[in-house]
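>>> sequence first, predicted model second:
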Amino acid sequence: MKIFFIGICGTATGNAAILMSRLGHEVSGSDSGMYEPMKSALARAGLSAPEGWNPKRLEEFSPDLVVIGNAVSRMNPELEFVLGSRICEYTSLPELIGKFLIGKRKSLVISGTHGKTTTTSLSAYLMRANRVDAGWLIGGVPFDLPEGGSNLGGFDAGSPFVIEGDEYDTAYFDKRSKFLHYRPHILAVNNLEFDHADIFRDLYEVKRTFTHVRRIVPPDGLIIENADDENIASLEPAPWTSVMKAGFAESADLRISDFVQQGDWSAFTLSFGGRSKRIKWKMQGVFNARNAAMACAGTAAVLGTSPLELDLSSLADFRGVRRRQEVILDTPQICAVEDFGHHPTAIALTIRSLRQKYPGRAILAAFEPRSNTAKTKALQSEFAQSLCLADAAYVGAVNAAKIPPENRMDTRAMAEAFPGKIFAFASNAALLERLRDDAAGLASRGGRPVCVFFSNGSFDNIHRKFAQEFQA
């Protein structure tokens, strides 16, 4: 079958395209821009994906199926051509994944507001370490999986499939949450907060979609819940299937305790059924300890065993995922970190973790309000409070032409509310210039600043420019 992906450079879309190619389908695609890390991943897979929208190119490819990416909307030239010409069938990415990649396989779906990519990567990593021929699809680039963010695995009914389950909507024509297409046999719910203000009006609506996905877990399946999350605890019971709780709470079935963090490592104890194991690894933060517990529970459920029966020794070598507290510069004078954080809670957790990792050093936080929620005022106060955990915060321009001015994040108001703490900029170039000067000044005085760049987009590549300048 010939398959064309509109919006192929998205991490999940690109990884799905690679898997469909490995299945023997002829794959092509397009995107408005080709960015790393998917640009290189697609090239390594031998997939052609020119920049820009060109209906003629799509017509010449003559696909049997067109996959419409989540970010694609009406007035996209290629989408309009598909709809107008009726050249072939079209589908959403989640529907394609559910039908062609998961099918009848036992799926482990990792959901939640935060930590999905890391927990999915951990689950795939543990399955690989425990000799399970699993498939996976990850919305990021893991450091420790040679196959990368996507793998077919055994590709039969006996081979499990691990996937990141997003609550965001499926496509412009299907407003259901993506994870409803993944038919979870085992569902992990990491945490639950208000997010995606462009599609959910309030926390109640977010809870409702998580309630819906819990309802499709089969009788012989399993729901794994964060035992420390009040919003998850408030969801309706799920008497139709088994439920396991993981976390720091004493009521947790898989309990985390005795967490310590020092420099480049952290350690914690996992306890289950009267047994305990001590884990020491390179990941920082209590949130990553919880991610590990969720991954252990999910992997064990796939194998039909208990979490502490797994070989967990490989966790000592797990390095995480690109753009998750990824150190991109580390000199005696200055350190730079790239992070995907685009929600107030995630930003706060990362800054606190960096404070533990780099005690006594100034934390300078740069933030690009790029997500559909961050561009609005919905969580403006919460973003400001989280950014103020840094010694100084630098907020970039809000590119939100489609959002009414009265509803847009007001970065100037944030700066006025926290003078000397938050600084707002009309462009990312101006932000880079100020941050560079401040960091250089601190470094010259022996301050050894740690500069963290928060964005779920490209940030106009200023983090890389910053690292290159100080590396020289």
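Great, that's in hand. Numbers count the residues shown, from 1 in each chain.

>>> ranking helices and strands of the protein by mean pLDDT, which lands last?
The least trusted helix or strand in the chain, going by mean pLDDT, DSSP states H and E, turns out to be helix 38-44, with a mean of 88.

>>> what are the buried residues along that helix?
For helix 38-44, a neighbour-count test (16 or more other C-beta atoms under 10 Å) marks 38-39, 41-42 as buried. For the C-beta atoms, the positions are set from N, CA and C on the backbone; glycine is no exception.

>>> over to stretch 134-147?
For stretch 134-147, burial by neighbour count (16+ other C-beta under 10 Å) applies to 134-142, 144-145.

>>> could you give the mean pLDDT of it?
Here stretch 134-147 scores 91 as its mean pLDDT.

>>> report the distance from it to the chain centre.
In this view, stretch 134-147 has its centroid 12 Å away from the chain centroid, taken as C-alpha atoms, centre = their mean, to the nearest Å.

>>> residues contacting the spatially most central residue of the chain?
Taking C-alpha atoms, centre = their mean, the centroid of the chain lies closest to Thr117, which sits 4.3 Å from it. Residues near Thr117 by C-beta atoms under 8 Å, 6 or more residues apart in numbering: 138-140, 164, 321, 324, 340.

>>> ok, back up a step: the buried residues of stretch 134-147 in strands, which ones?
The strands in this structure, assigned by DSSP state E, contain 135-137 from these.

>>> just to revisit the earlier point, CSV for the contacts of Thr117, including distance to Arg176?
As requested, the contacts of Thr117 are exported to CSV (distance: C-beta to C-beta, whole Å):
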residue, distance to Arg176
Ile138, 22
Gly139, 18
Gly140, 23
Glu164, 17
Val321, 27
Arg324, 27
Phe340, 24
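
>>> Leu364: which of the residues you listed is nearest?
Phe340 (17.9 Å; C-beta to C-beta).

>>> so what's the closest one closest to, chain neighbours aside?
Nearest residue to Phe340, sequence neighbours excluded (C-beta to C-beta, 6 or more residues apart in numbering): Arg323, at 4.6 Å.

>>> just say helix, strand or coil for the one you found.
When classified by DSSP: H, G, I helix; E, B strand; the rest coil, Arg323 comes out as coil.

>>> can you give me the pLDDT of it?
According to the model, Arg323 scores 88 on pLDDT.

>>> check Ala472 too.
In this prediction Ala472 is given a pLDDT of 65.

>>> tell me how many other residues crowd the residue nearest to Phe340.
21 (other C-beta atoms under 10 Å).

>>> got the contact list for it?
140-141, 338-340.

>>> quick one: Phe423 is in a strand?
Yes: counting by three-state DSSP, Phe423 falls inside a strand.

>>> how about it: what's its closest non-neighbour residue?
Closest to Phe423 by C-beta to C-beta, 6+ apart is Tyr394, at 5.2 Å.

>>> please report phi then psi for the one you found.
phi -120, psi 110 (degrees, to the nearest 10).

>>> and it, how far is that from Ile363?
Here the criterion is C-beta to C-beta, to the nearest Å. By it, Tyr394 lies 12 Å from Ile363.

>>> with neighbour numbers in mind, choose between those two.
Tyr394 (27 against 21).

>>> pairing partners for the more buried one in the sheet, please.
Ala366, Phe423 (DSSP bridges).

>>> OK, contacts around it?
364-367, 423, 425, 431, 434-435.

>>> may I have stretch 139-151 exported as CSV, CA atoms only?
Output in CSV follows, covering the C-alpha atoms of stretch 139-151 (Å, rounded to 0.1, in the frame of the first residue of the first chain):
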residue,chain,number,x,y,z
GLY,A,139,6.8,10.6,21.2
GLY,A,140,10.5,11.4,21.6
VAL,A,141,14.0,10.2,21.0
PRO,A,142,15.3,7.8,23.7
PHE,A,143,19.0,7.6,24.3
ASP,A,144,19.1,4.0,25.2
LEU,A,145,17.0,2.2,22.6
PRO,A,146,19.1,1.3,19.5
GLU,A,147,15.9,1.0,17.5
GLY,A,148,15.0,4.6,18.4
GLY,A,149,11.5,5.9,19.1
SER,A,150,9.8,3.2,17.1
ASN,A,151,10.0,-0.6,16.8
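
>>> need the three-state assignment for Leu431.
helix.

>>> could I get the contacting residues of it?
366, 394-396, 425, 462.

>>> how about a cut-off of 7 Å?
Leu431 is in contact with 366, 394, 396, 425, 462, counting by C-beta atoms under 7 Å, 6 or more residues apart in numbering.

>>> which of these lies closest to Ala374?
Gly396 (10.3 Å).

>>> that closest one touches Glu368, doesn't it?
Yes: between Gly396 and Glu368 there is a contact at 4.6 Å, judged by C-beta atoms under 7 Å.

>>> now do the shared contacts for these two.
Asn428.

>>> hmm, back to that, could the contacts of Tyr394 be laid out in CSV, adding pLDDT and distance to Pro218?
Formatted as CSV, the contacts of Tyr394 follow (pLDDT from 0 to 100; distance: C-beta to C-beta, whole Å):
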residue, pLDDT, distance to Pro218
Leu364, 98, 49
Ala365, 98, 43
Ala366, 98, 45
Phe367, 98, 41
Phe423, 98, 52
Phe425, 97, 51
Leu431, 98, 49
Arg434, 98, 54
Leu435, 98, 51
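
>>> mark which of the residues you listed are buried, thanks.
Applying 16+ other C-beta under 10 Å to these flags 364-367, 423, 425, 431, 435 as buried.

>>> does the closest residue to Val337 other than its chain neighbours count as helix, strand or coil?
With C-beta to C-beta, 6+ apart as the criterion, Val337 has its nearest non-adjacent residue at 4.4 Å, and that residue is Val452. Of the three states, Val452 takes strand under three-state DSSP.
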